[in-house]
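Q: sequence-free structure coming up:
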């Protein structure tokens, strides 16, 4: 009898700890959609953080929903470590947001040091970076996942959002020939956004 009660108490305590851990999370991670990539979520209160391991050049979309704790903080910091342990090289990356936007100041996009970031840009909904020699970099960092003093996390703006709102973060490592189209497309989106702001002013 005592063993049964003790077991029930331990199960209840574990359930409460799990519930508390869920409440301490940042935005609720609702899963990922993508081929050839594994996702490990390290998010905590006030911060979205995850590792992505790509087995091929592709993209992954991570889905989140906001809770009351997120809105109380007013913003979320965001970082990710992106790698491929099989040696696949990366020529660059694109990060796109849907349902949420980047706040200023912008964070950093850096590499493992084998090649530097040779060009980068973006707007409130997206960011991109192109790396040096093709196929050399096998790991790069969105924000500051390793706690490096020279890197800074990105911030997601929660102004105007409510509990239960959903948003998506898409991280892509496209083929080299797609970068020219990607950069042109982002430039066009930025131009349209500036025109709308000017017309509203």
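A: Received it, and whenever you're ready, just let me know what you need. Please read all numbers here as calculations on a predicted model, not as lab measurements. Numbering: from 1, shown residues only.

Q: from here on, contacts and neighbour counts on C-alpha atoms
A: Noted.

Q: these two touch, right, residue 174 and residue 60?
A: No - counting by CA atoms under 8 Å, residue 174 does not reach residue 60; the two are 11.1 Å apart.

Q: so where is the protein shaky, pLDDT-wise?
A: 1-25, 177-201 (pLDDT under 70).

Q: do a quick rundown of the helices in it.
A: Ranges of helices in the chain, per DSSP state H, are 2-23, 68-73, 179-200.

Q: residue 47 - nearest residue in space that isn't next to it in sequence?
A: Nearest non-adjacent residue to residue 47, counting by CA to CA, 6 or more residues apart in numbering: residue 77, 4.7 Å away.

Q: measure that neighbour to residue 27 for me?
A: 11 Å (CA to CA, to the nearest Å).

Q: of those two, who's got more company?
A: residue 27 (29 against 22; other CA atoms under 10 Å).

Q: residues in contact with the residue lying closest to the more buried one once chain neighbours are set aside?
A: In space, and not counting its chain neighbours, residue 27 is closest to residue 66: 4.8 Å by CA to CA, 6+ apart. Applying CA atoms under 8 Å, 6 or more residues apart in numbering to residue 66 gives the contacts 26-28, 162-166.

Q: if we use 7 Å, what do you get?
A: 27-28, 163-166 (CA atoms under 7 Å, 6 or more residues apart in numbering).

Q: quick check on these: which are buried?
A: Neighbour-count burial (16 or more other CA atoms under 10 Å) is assigned, among the contacts of residue 66, to 27-28, 166.

Q: restricted to strands, list those.
A: Secondary structure from DSSP state E places 28, 166 of those in strands.

Q: TSV for the buried ones among the contacts of residue 66, including distance to residue 36?
A: Shown next, in TSV, are the buried ones among the contacts of residue 66 (distance: CA to CA, whole Å):
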residue	distance to residue 36
27	24
28	23
166	24
